[in-house]
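Engineer: Next one to model:
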Amino acid sequence: MSALPTLAFAGIGLMGLPMCRRLLAAGYPLRVWNRTPEKCAPLVEAGAVQVATPAELCDGAALVLLCLADTAVVREVVFGAGGIVEGAQAGQLLVDHSSLEPAATREMAAALEQRSGMRWVDAPVSGGVAGAEAGSLAIMAGGREDDIERARPVLLNLGQRLTRMGPVGAGQVTKVCNQMIVACNALVIAEVVALAEKSGVDASLLAPALAGGFADSKPLQILAPQMAESAFEPIKWHVRTLLKDLDTAVKLSREEGSATPLSALAAQLMRLHGSQGYLEKDPATLVQLYREGEA
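Structural biologist: Just a heads-up that it's a prediction; the model follows:
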């Protein structure tokens, strides 16, 4: 049995940490980097090798995986001083799990391959921290078919399903679609919980009462109980992330000439909520938009 290839990972955050833990548990040698170096400590204790710059991630790694905040951060980590491009080699794959603008993804992928020969797969994920911990993420990928098949054995340690959506950038378009559904769902769940409360209905019963019906969804089962109980911590994801992705959706809709009025309204509601001090809070706090005197 051949040894497993060395992997590398940049971005040890809410999602990156459990994803890396799964890769280590599967037996992969792992090199890690994070802008805040201390966040790598639990992985180093588990056997990972910490490096000082993104460029050093490429040393001996077959795949370099990213899970970073936004397009600007990915651009800096890949192309900035000490960036991945400085260590990249032909034959290596960059697999980006971040949620980025599709056009920027295509542009960066072309630039990275031209400068180093390293190819790009955009593979954003859905399923949250719980999905990352359980290895049950949904992974939507864009890239060459042979590149995605090469990454598949690694990525199936992280997700229950990996679907090739098309060429580079197609994974990011699919993630935008995912986030449009999730964010609009979260906002209407907040409306529902507040309306139930004001109508004298026990909002904590909504999720179990609607389970299995047409209104059921994972966001309903997760968010409605948290909203009803005002259980906003621990923070599992951030309002700012949903806002960023809704803004990407609106920008993409303009570029493609496609109408997305509900998502545009959702972006403005999310921005209003964020402006009231909730950007770094859990989206369960959206219910506060609709509770009198609490917004």
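
Engineer: For the most far-flung residue of the chain relative to its centre, which three-state class applies?
Structural biologist: The centre of the chain is farthest from one residue, G200, which by C-alpha atoms, centre = their mean lies 36.8 Å away. Following DSSP: H, G, I helix; E, B strand; the rest coil, the label given to G200 is coil.

Engineer: what sits against it?
Structural biologist: The contact partners of G200, taken as C-beta atoms under 8 Å, 6 or more residues apart in numbering, number zero. Any C-beta I mention is one placed from the backbone N, CA and C, and that applies to glycine too.

Engineer: Need the pLDDT of it.
Structural biologist: On pLDDT, G200 comes in at 98.

Engineer: I'd like the distance between it and R291.
Structural biologist: 15 Å (C-beta to C-beta, to the nearest Å).

Engineer: where along the chain do the strands fall?
Structural biologist: 7-10, 30-33, 49-50, 63-66, 93-96, 119-122, 125-126, 137-142, 159-166 (DSSP state E).

Engineer: Output the ones you listed in CSV, with mean neighbour count, mean pLDDT and distance to L205 appended to each entry.
Structural biologist: Compiled in CSV, those are given as follows (neighbours: other C-beta atoms under 10 Å; pLDDT from 0 to 100; distance: least, C-beta to C-beta, whole Å):
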stretch, mean neighbour count, mean pLDDT, distance to L205
strand 7-10, 28, 98, 42
strand 30-33, 24, 98, 44
strand 49-50, 18, 98, 48
strand 63-66, 25, 98, 41
strand 93-96, 28, 98, 41
strand 119-122, 25, 98, 41
strand 125-126, 22, 98, 27
strand 137-142, 25, 98, 29
strand 159-166, 17, 98, 30
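
Engineer: Among those, which comes closest to G274?
Structural biologist: Nearest of the strands of the chain to G274, taken as C-beta to C-beta: strand 125-126 at 21.2 Å.

Engineer: from the chain's centre, how far out does that closest one sit?
Structural biologist: 6 Å (C-alpha atoms, centre = their mean, to the nearest Å).

Engineer: Show me the strands paired with it, marking each as parallel or antiparallel.
Structural biologist: Strand pairing for strand 125-126, using DSSP bridges, gives strand 137-142 (antiparallel).

Engineer: angle of the partner strand against strand 159-166?
Structural biologist: Per axes from the mean of the first three to the mean of the last three C-alpha atoms, to 10 degrees, the angle that strand 137-142 makes with strand 159-166 is 20 degrees.

Engineer: How far off centre is strand 137-142?
Structural biologist: Counting by C-alpha atoms, centre = their mean, strand 137-142 comes out at 10 Å from the chain centroid.

Engineer: Need the residues that contact it.
Structural biologist: For strand 137-142, contacts defined as C-beta under 8 Å, 6+ apart pick out 97, 105, 121-127, 131, 148, 151, 155, 158-175, 178.

Engineer: run the last query once more with 7 Å
Structural biologist: Residues outside strand 137-142 that contact it (C-beta atoms under 7 Å, 6 or more residues apart in numbering): 121-127, 131, 148, 155, 158-159, 161-172, 174-175.

Engineer: What of stretch 201-208?
Structural biologist: For stretch 201-208, contacts defined as C-beta under 7 Å, 6+ apart pick out V192, V193, A196, E197, L220, Q221, A224, P225, A228, E229.

Engineer: Please tabulate these in JSON lines, including the columns neighbour count, pLDDT and distance to Q276.
Structural biologist: As requested, these are arranged in JSON lines below (neighbours: other C-beta atoms under 10 Å; pLDDT from 0 to 100; distance: C-beta to C-beta, whole Å):
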{"residue": "V192", "neighbour count": "20", "pLDDT": "98", "distance to Q276": "20"}
{"residue": "V193", "neighbour count": "27", "pLDDT": "98", "distance to Q276": "18"}
{"residue": "A196", "neighbour count": "18", "pLDDT": "98", "distance to Q276": "22"}
{"residue": "E197", "neighbour count": "17", "pLDDT": "98", "distance to Q276": "19"}
{"residue": "L220", "neighbour count": "21", "pLDDT": "98", "distance to Q276": "24"}
{"residue": "Q221", "neighbour count": "15", "pLDDT": "97", "distance to Q276": "26"}
{"residue": "A224", "neighbour count": "26", "pLDDT": "98", "distance to Q276": "21"}
{"residue": "P225", "neighbour count": "18", "pLDDT": "98", "distance to Q276": "23"}
{"residue": "A228", "neighbour count": "20", "pLDDT": "98", "distance to Q276": "20"}
{"residue": "E229", "neighbour count": "11", "pLDDT": "98", "distance to Q276": "20"}
